[in-house]
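**Student:** A predicted structure for the sequence below; I have some questions about it.
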Amino acid sequence: MDKDELVREIERRYLPALHSEEINISAAFPAVKAEVRSQAYGDRSDPAGYTIALAGFFPGAPTDQSDEVTLELSFAGIWGPKPLLEAAVFWGHPGGEVEVNLFQGEVPMSHDALTRLDAELPRLLQVFRDAVRRGRPPTRPQCSRTNQ
């Protein structure tokens, strides 16, 4: 499978679930602007990659608090010889709090890693939904950049 076919396969596998959740979030939380993104980054050379994400924007958030939470599936180096995978739910600037990181950072993109992502995507979507419902970054001390 060439790399462009791999991107199409990733989109086929994950975009429907993210689009479905985008619709659910928009209906349940009209003040939140939900948006699915699917885009390449870099210049298609190593370590350029591809990201699929579902973001929730909070237009009324205080200026000292993040106004965005994102569920991001990142495929780094996808056009290179050793693509990497990362899957997380996190808040934007200024805090950058991570709700959950499926792996301990980036892992080699493999059949096993994608199978784990397939199995855990419903949990990532639930964590995202809970974050949107809460409307702000968590205050719990265990929120960090580690696997939870």
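**Tutor:** Looks like it arrived, so ask away. Quick caveat, the model's predicted, so the values are computed rather than measured.
**Student:** beta-bridge partners for the residue nearest the centre of the chain, please?
**Tutor:** Nearest residue to the geometric centre of the chain (Cα atoms, centre = their mean): Glu72, 1.3 Å. With beta bridges defined as DSSP bridges, Glu72 has these partners: Ala53, Ala88.
**Student:** which residues does it contact?
**Tutor:** Going by Cβ atoms under 8 Å, 6 or more residues apart in numbering, Glu72 touches Thr51, Ile52, Ala53, Glu86, Ala87, Ala88, Val89, Phe90. (C-beta placed from N, C-alpha, C; glycine too.)
**Student:** list just the nearest of the residues you listed to Leu117.
**Tutor:** Within the contacts of Glu72, the smallest distance to Leu117 is 5.5 Å, found for Ala87 (Cβ to Cβ).
**Student:** for burial, what's the neighbour tally of the closest one?
**Tutor:** Other residues within reach of Ala87, judged by other Cβ atoms under 10 Å, total 23.
**Student:** longest helix of the protein?
**Tutor:** Across the chain, the longest stretch assigned as helix under DSSP state H is helix 3-28.
**Student:** which element follows that one toward the C-terminus?
**Tutor:** Using DSSP states H and E, the next helix or strand after helix 3-28 towards the C-terminus is strand 33-41.
**Student:** return the set of buried residues in that next one.
**Tutor:** Within strand 33-41, the residues that count as buried by 16 or more other Cβ atoms under 10 Å are Lys33, Ala34, Glu35, Val36, Ser38.
**Student:** relative to helix 3-28, how tilted is it?
**Tutor:** Relative orientation of strand 33-41 with respect to helix 3-28: 170 degrees, computed using axes from the mean of the first three to the mean of the last three Cα atoms, to 10 degrees.
**Student:** who touches strand 33-41?
**Tutor:** Contact partners of strand 33-41, identified using Cβ under 8 Å, 6+ apart, comprise 7, 11, 15, 18-19, 21-23, 25-26, 48-57, 59, 132.
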